[in-house]
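> Fold the following and give me the result.
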Amino acid sequence: MPQSTDAMADQVMLELVDEDGRTVGTAEKLSAHQAPGRLHRAFSVFLFDAAGRLLLQRRALGKYHSPGVWSNTCCGHPYPGEPPFLAATRRTVEELGVAPALLREAGTVTYHHPDPQSGLVEREYNHLFAGLVDRTPRPAPDEVADTAFVTPEELAGMRESGAFSAWFPTVLDAARPALRHLTGTSAGW
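Residues are numbered from 1 along each chain as shown. Purely as a prediction, here's the structure:
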């Protein structure tokens, strides 16, 4: 039986960076997320449908990190030397079974968020991307438990009643200017 993505997490290498996003080395994925955390390159994707609704995913229950919580469309880590844009596209297809119809850069953000449930740490230099999706997601069950397209109002209600990833508020706030431009609205996003 093949190993799941998470079962191989400690075998995947991440690109370590300095505060300016310059590569300074590599580390195994799991070790980079153990306290106190090592600053590494990551990406976060926000995809919208034609109605301007944001595609969210609920992480699979088998994930070693932040299982079962809602988060942005897709997030992950480029392989060392892999351009973040290509990694974002690759992982969106791997996790959700659909490629973005449009994807553009939406800035970067650096953060340090401990996950109280797992004890792991998200210390990331995160490349943000915003775009459109024009097909129905077909999520990989070992990656994604559920998906939902939501309006800003629906998202606000979900955030009051449900668990979200520790990084979600930070990446959403950092991406807001690009999201507003993409959706053509100043309200909500």
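
> Can you check which helix is longest in this protein?
Among all segments of the chain classified by DSSP state H, the helix with the greatest residue count is helix 168-183.

> which other helices and strands contact that one?
Counting contacts by 3 or more Cβ pairs under 8 Å, 6 or more residues apart in numbering; DSSP states H and E, helix 168-183 is packed against strand 40-48, strand 102-114, strand 121-132. Glycine gets a C-beta too; all of them are placed from N, C-alpha and C.

> buried ones in it?
Counting neighbours by 16 or more other Cβ atoms under 10 Å, one finds that the buried residues in helix 168-183 are Phe168, Thr170, Val171, Leu172, Ala174, Ala175, Arg176, Ala178, Leu179, Leu182, Thr183.

> correct me, but Pro152 touches Arg180?
No - judged on Cβ atoms under 8 Å, Pro152 makes no contact with Arg180 at a distance of 10.5 Å.

> what is in contact with those two at once?
Applying Cβ atoms under 8 Å, 6 or more residues apart in numbering, one finds that Pro152 and Arg180 are jointly contacted by Trp189.

> The spatially most central residue of the chain: helix or strand, and which one exactly?
In the chain, the residue lying closest to the centroid (Cα atoms, centre = their mean) is Cys75, at 1.9 Å. Here Cys75 is covered by strand 74-76, with elements defined by DSSP states H and E.

> how big is the angle separating the next helix or strand after that strand from strand 121-132?
Following the chain from strand 74-76 toward its C-terminal end, the next helix or strand by DSSP H and E is helix 84-96. With axes from the mean of the first three to the mean of the last three Cα atoms, to 10 degrees as the criterion, the two stretches helix 84-96 and strand 121-132 enclose an angle of 90 degrees.
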